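# What shape does this take:
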Amino acid sequence: MAEVKRSIILLFDGARADVLFDLLYSNKLPNIADFIAQNGFCHRAVTSFPSTTGPAYLPFLTGSFPGTCNIPGIRWIDKQKFDENVFFLSRHRSYVGLESFLMGCDLDTKVSTVFELIPNSYSIFNPITRGIRNDRNRTRYSRIWYWYYAHITDRWALADEAALEKTIYILKNKDFTFLFVVFPGIDEYSHLSSPYDEKVIERYKFLDFAVGEIARLLNKRKKWDDTLLWLVSDHGLSETTNHFCVNTFLIKRGMSPFFYPLIFRKKGKNIANMMSGNAMTHLYFKGKRGWKGHSTFKDIALLAPGLIEDLLNEDAVDIIAWREDEKKIGIASKRGQALVRLEGNDICYEVCGDDPFNYPILPKVMTKSQLLELTMDTNYPDAPFQLAHIFTSKRAGDLIISATPGYDLRLRYENPEHKASHGSLYKEHMLVPLLCNKPFKKRYLRTVDVFPTILKTLKIAVPQNVDGSAMEPLR
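Numbering: from 1, shown residues only. All right, here's what the predicted structure looks like:
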């Protein structure tokens, strides 16, 4: 591979691996075929859990999973601060809207962003900008305007077009080492209709148009050969035909949930419900001594007897996970149960009866790479590791629910109604496309592997605490 002088990531939010590759191999994405697929790298990767906008950007921007970053979802509460007399915005979060500006502040201080490591960087429509100069965050304030305008008018194509226009401007007028660009159209139109709707497919075709414009401009300026152009996604989506209201379920059981958007109704609440992507949620329990401290399986059984069993009886609930103790994570589905724990680079996976993911028999001890390879082509790629890792976040819930395909976990306060959802452990949400104009040795990949690969190709030292590992280029 020739010397690399710059990297560009085009993140097409919500792009599914299967949809993109179906379009590519049916000759409907000619620019991607010519400029990327012919001589570059086209593969699938597993994103991070929860598979949702924002938290699933973190692997590309930090090389770390949401658990390491301590941002376990779009919404969360900090149990340690929840009932203390502190400024309310430090107690809980929803990155839908203005609070998205706080994502960089919420990152664990031990995590470095790409903008801190590569000062000569630019960002477009990206909410996680810690370390970037204000003048290089090209949509620092306008991002919210575009999002609200598109939300009201359903004109998400306008945001995609603006993202490309701003990208072309930077390519023509700025010298840079790293550029990160978010295109929201696929995700937003999928929510409004279906991952296969005509408007959604048009957004994939716009991606192809954008690649053509960018590639031709880089070629014209003799920068194509020393540029890595990445096409990535943060999550996929699946069609939603049924809504299950977790809050209504909890209220019927005599519990009083705290949830967005009713965040000023905190008095008398004994459980918090924090949804991400509508297909997963964190539940936090108030114990006898208040909110502080995580609740284990035994604690939950005392605070809400029969809750886990009753949730599993609901068609909408696919997977439930909890802290069994300080090290072990319990996992249950209608299919079976298991325990998982992280031991350095190893994953210890113990099935109790039948496997909750319906996996074939797996080794009881595996490396992270082995687990990924053994589960990549199942309905739940990498799920035991992803669940075990998200619980490493201090802000993670006491109980995590992943929805059954076809369902989501939110009914009220969703305007407009979501007809496609994401956030769960299911393959349609977790498998994303990963393409680059330069070839790399193929292997089983997670999206966290892009960050160290970019740093390594730019000859920048990779932080020791990242979760990803660099891909090796084909020479």
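# Against Cys42, how distant is the most centrally placed residue in the chain?
Closest residue to the average C-alpha location of the chain: Ala56 at 2.2 Å, with Cα atoms, centre = their mean. Distance, Ala56 to Cys42, using Cβ to Cβ, to the nearest Å: 20 Å. (Each C-beta comes from the backbone N, C-alpha and C, glycine too.)
# same question, Leu425
From Leu425 to Cys42 the distance is 24 Å (Cβ to Cβ).
# hmm, back to that, spell out the secondary structure type for the residue nearest to the centre of the chain.
Here Ala56 is recorded as helix under DSSP: H, G, I helix; E, B strand; the rest coil.
# mind listing what it touches?
Contacts for Ala56 (Cβ atoms under 8 Å, 6 or more residues apart in numbering) come out as Thr47, Ser48, Pro50, Pro66, Asp234, His235, Thr447.
# And the pLDDT at it?
You'll see Ala56 listed with a pLDDT of 97.
# What ranges does the stretch 301-450 of the chain have for its strands?
With DSSP state E, counting those that start in this stretch, the ranges of strands along the stretch 301-450 of the chain come out as 317-323, 329-332, 337-343, 346-352, 365-367, 399-403, 407-408, 420-421, 431-436.
# who wins for proximity to Thr281 among these?
Each of those has some distance to Thr281 by Cβ to Cβ; the shortest is strand 399-403, at 5.1 Å.
# Kindly spell out which helices and strands sit in contact with the closest one.
With contacts defined as 3 or more Cβ pairs under 8 Å, 6 or more residues apart in numbering; DSSP states H and E, strand 399-403 has these neighbours: strand 280-285, helix 307-312, strand 317-323.
# Could you identify which of those is most buried?
strand 280-285 (a mean of 26; mean count of other Cβ atoms under 10 Å).
# can you give me the angle that one makes with strand 399-403?
160 degrees (axes from the mean of the first three to the mean of the last three Cα atoms, to 10 degrees).
# partner strands of strand 280-285, parallel or antiparallel?
Its sheet considered, strand 280-285 pairs with strand 271-276 (antiparallel), strand 399-403 (antiparallel) by DSSP bridges.
# Adding mean neighbour count, write those strands out as TSV.
Shown next, in TSV, are the strands paired with strand 280-285 (neighbours: other Cβ atoms under 10 Å):
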stretch	mean neighbour count
strand 271-276	26
strand 399-403	27
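# Looking at these, spot the one closest to Gly306.
Of all those, strand 399-403 comes closest under Cβ to Cβ, at 13.3 Å.
# Can I get that closest one in CSV, CA atoms only?
Only the C-alpha atoms of strand 399-403 are listed here, as CSV (Å, rounded to 0.1, in the frame of the first residue of the first chain):
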residue,chain,number,x,y,z
LEU,A,399,-31.4,-5.1,33.5
ILE,A,400,-31.0,-4.9,29.7
ILE,A,401,-33.8,-5.9,27.3
SER,A,402,-33.2,-6.6,23.6
ALA,A,403,-36.4,-6.7,21.5
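# Residues in contact with that strand: which ones?
244, 246, 278-283, 285, 295, 300, 307-308, 311, 316-322, 387, 390-391, 409, 421, 423-426.
# can you pull the buried residues of the strand or helix carrying Tyr149?
Using DSSP states H and E, Tyr149 sits in helix 142-153. If you call a residue buried by 16 or more other Cβ atoms under 10 Å, then helix 142-153 has these buried ones: Arg143, Tyr146, Trp147, Ala150.
# Also stretch 413-431?
So for stretch 413-431, counting by 16+ other Cβ under 10 Å, buried means 418-431.
# coming back round to it: take the strands of the stretch 301-450 of the chain and write them to CSV, including distance to Leu179 and mean pLDDT.
Converted to CSV, these look like this (distance: least, Cβ to Cβ, whole Å; pLDDT from 0 to 100):
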stretch, distance to Leu179, mean pLDDT
strand 317-323, 37, 98
strand 329-332, 37, 98
strand 337-343, 34, 97
strand 346-352, 35, 97
strand 365-367, 34, 97
strand 399-403, 34, 98
strand 407-408, 34, 96
strand 420-421, 29, 95
strand 431-436, 14, 98
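# Please name whichever of those is nearest to Phe183.
strand 431-436 (13.1 Å).
# elements contacting that closest one?
Packed next to strand 431-436, using 3+ Cβ pairs under 8 Å, 6+ apart, are helix 17-25, strand 41-46, strand 227-232.
# A strand includes Trp224, no?
No: judged by three-state DSSP, Trp224 forms no part of a strand; its state is coil.
# Compute the number of surrounding residues for it.
16 (other Cβ atoms under 10 Å).
# cool, and Arg475?
Neighbour count of Arg475, defined by other Cβ under 10 Å: 6.
# Please name the residues that touch it.
Met1 are the contacts of Arg475 under Cβ under 8 Å, 6+ apart.
# ok, now Val114?
Counting by Cβ under 8 Å, 6+ apart, Val114 has contacts Phe60, Leu61, Thr62, Ser121, Gly131, Phe178, Phe180, Phe451, Ile454, Leu455.
# Out of the strands of the stretch 301-450 of the chain, flag the one nearest Leu171.
Closest among the strands of the stretch 301-450 of the chain, using Cβ to Cβ: strand 431-436, at 17.5 Å.
# what's the following helix or strand after that closest one?
Proceeding N to C from strand 431-436, the next assigned helix or strand is helix 450-457, under DSSP H and E.
# helices or strands up against that next one?
Using 3+ Cβ pairs under 8 Å, 6+ apart, helix 450-457 sits against strand 6-12, helix 58-62, helix 114-117, strand 227-232.
# Would you mind measuring from Met376 to Leu445?
For Met376, the distance to Leu445 - Cβ to Cβ - is 9 Å.
# again, but for Glu202
From Glu202 to Leu445 the distance is 28 Å (Cβ to Cβ).
# Please identify which of the two sits among more neighbours.
More crowded of Glu202 and Leu445, by other Cβ under 10 Å: Leu445, with 22 against 15.
# Next, give phi and psi for that one.
Here is the backbone geometry of Leu445 (degrees, to the nearest 10): phi -120, psi 150.
# Tell me, how many residues neighbour the residue lying closest to it once chain neighbours are set aside?
If you skip the residues right next to it in sequence, Leu445 has Ala45 as its closest partner in space, 4.1 Å away by Cβ to Cβ, 6 or more residues apart in numbering. For Ala45, the count of nearby residues is 25 (other Cβ under 10 Å).
# Check Leu58 too.
Neighbours around Leu58, by other Cβ under 10 Å: 27.
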